[in-house]
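# how would this look folded up:
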Amino acid sequence: MNDSLKKYLFEDRTTRVQTVNLTQTWAEALGHQHYPPIIRRLLGELSAAAVLLTSNIKFDGSLILQLQGDGPISLIVVECDASLRIRATVKMRQEFICPENGTLQTLLNANGNGRFAVILDPKNRSEGMQPYQGIVPMQGHTVAQVLEHYMKHSEQLDTRLWLAANDEKACGLLLQQLPSTGGIPAATQNPDDTWERAVQFAETLSTEELLSTDEDTLIHRLYWEETLIAYEPIAVTWFCPCTRERVANMLKMLGSEEIASILSERENIEISCDFCGKPYVFDPVDCAKLFVNPDSFVVKGNKSTH
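Numbers count the residues shown, from 1 in each chain. Model prediction:
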């Protein structure tokens, strides 16, 4: 199992530890995209965070994380469902050039109007039911800090995140202090001691170490003196529902006249999926087949009738 989420629990059950490793999933996410390095890093970190957070929600639906920007980047969004299938995309403002030395704050919160949004979208929503949405100001210099701020103030849970991404991998480590729960024997030591110790060890972790070390080795290095309960890994996959049929249906909605007008100016119609970037090309013959009466489909300025 290449891409997986792994969960661990301290013996006193007061602190949760999770790791995620995305390699194949990350390769598919970038397969048809050409993002600058800084955008790849931000998108990868948010993707890893989405998997780490989704796995703790008992919810049949999707968790959507959005970085809503007022700078060169207008939106970074990652969606992860209950089966840990993810998709992600970035929206740029065409009038801006993304600087190589850009940061989360300069790219997304240049004028102080950036926002971080968390959306819970149920799988089977009843009519009129709206997804839950929480929005907070974009506080923090990293994706991890933005999420920690949200979790602290919205979920009332102490949560720490270490996230990293490059061209080959997106990964992360999550620590979360769990609330005391009825029915579980009292811990033999102060739960705050466990939490502080877990965080102290994790703070020695460098970005390079996070990217270059497999999960089991990483956890052993950090917590070799601790007793951890390990759970079965959960597979993580890339999923984008885009298909040629869906794109064709969208073109149908434009109508034959509009399609013919577009083809009078270009040889083909090419549309790329917003999420995965996969291109779909429709030539005049393909477009003619979209309509009930193909004989009526005439490209203006073109003698051919399709």
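
# now the closest residue to Ala248 other than its chain neighbours: how far from Thr243?
Once flanking residues are discounted, Ala248 sits nearest to Leu290: 5.7 Å by C-beta to C-beta, 6 or more residues apart in numbering. Where C-beta positions appear, they are placed from N, C-alpha and C, glycine not excepted. With distances taken as C-beta to C-beta, to the nearest Å, Leu290 is found 14 Å from Thr243.

# Between these two, point out the one with more neighbours.
For Leu290 versus Thr243, neighbours defined as other C-beta atoms under 10 Å are more numerous around Leu290 (16 against 12).

# Let me know the pLDDT of the more buried one.
What the model reports for Leu290 is a pLDDT of 79.

# Surely it and Met253 touch.
No - between Leu290 and Met253 there is no contact, the gap being 10.1 Å when judged by C-beta atoms under 8 Å.

# Now the residue nearest to Ala248: phi and psi?
When read as degrees, to the nearest 10, the backbone of Leu290 gives phi -70, psi -20.

# Then Ile57?
Dihedral angles of Ile57 (phi, psi; degrees, to the nearest 10) stand at phi -100, psi 120.

# okay but it is in contact with Val51, surely?
No - assessed by C-beta under 8 Å, Ile57 is found out of contact with Val51, at 11.3 Å.

# Those two - which one has more neighbours?
Taking neighbours as other C-beta under 10 Å, Ile57 and Val51 compare with Val51 leading, 28 against 13.

# Wasn't the more buried one part of a strand?
No - secondary structure assignment (DSSP: H, G, I helix; E, B strand; the rest coil) places Val51 in helix, not in a strand.

# quick one, what contacts it?
For Val51, the contacting residues are 5, 20, 22, 80, 84, 86, 172, 236, taking C-beta atoms under 8 Å, 6 or more residues apart in numbering as the criterion.

# Now those residues in a markdown table, please, with extra columns for pLDDT, neighbour count and distance to Lys278.
As requested, the contacts of Val51 are arranged in a markdown table below (pLDDT from 0 to 100; neighbours: other C-beta atoms under 10 Å; distance: C-beta to C-beta, whole Å):
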| residue | pLDDT | neighbour count | distance to Lys278 |
| --- | --- | --- | --- |
| Leu5 | 96 | 23 | 26 |
| Val20 | 96 | 26 | 24 |
| Leu22 | 96 | 27 | 19 |
| Cys80 | 95 | 25 | 20 |
| Leu84 | 94 | 20 | 21 |
| Ile86 | 94 | 29 | 16 |
| Gly172 | 97 | 29 | 26 |
| Val236 | 95 | 28 | 20 |
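
# Nearest to Lys152, out of these: which one, please.
Using C-beta to C-beta, the shortest approach to Lys152 within the contacts of Val51 belongs to Gly172, at 17.5 Å.

# Not counting sequence-adjacent ones, nearest residue to that closest one?
For Gly172, ignoring the flanking residues on the chain, the nearest one in space by C-beta to C-beta, 6+ apart is Ala48 at 3.6 Å.

# if I look at that neighbour, how far off is Gln68?
Shown here: Ala48 relative to Gln68, a distance of 19 Å by C-beta to C-beta.

# same question, Arg85
Relative to Gln68, Arg85 is positioned 23 Å away (criterion: C-beta to C-beta).

# same thing with Thr159?
Using C-beta to C-beta, one obtains 21 Å as the distance from Thr159 to Gln68.

# Please apply the same query to Ala198.
From Ala198 over to Gln68 the distance is 32 Å, taken as C-beta to C-beta.

# ok, Asp121 - contacts?
Residues counted as contacts of Asp121 (C-beta under 8 Å, 6+ apart) are 61-64, 131.

# which residues in the stretch 1-150 of the chain form helices?
24-30, 37-54, 104-108, 143-150 (DSSP state H, counting those that start in this stretch).

# Not counting its own residues, what contacts the third one?
So the one you mean is helix 104-108. In this structure, residues lying in contact with helix 104-108 by C-beta under 8 Å, 6+ apart are 38-39, 42, 67-73, 76, 98-99, 114, 138, 140-143, 146.
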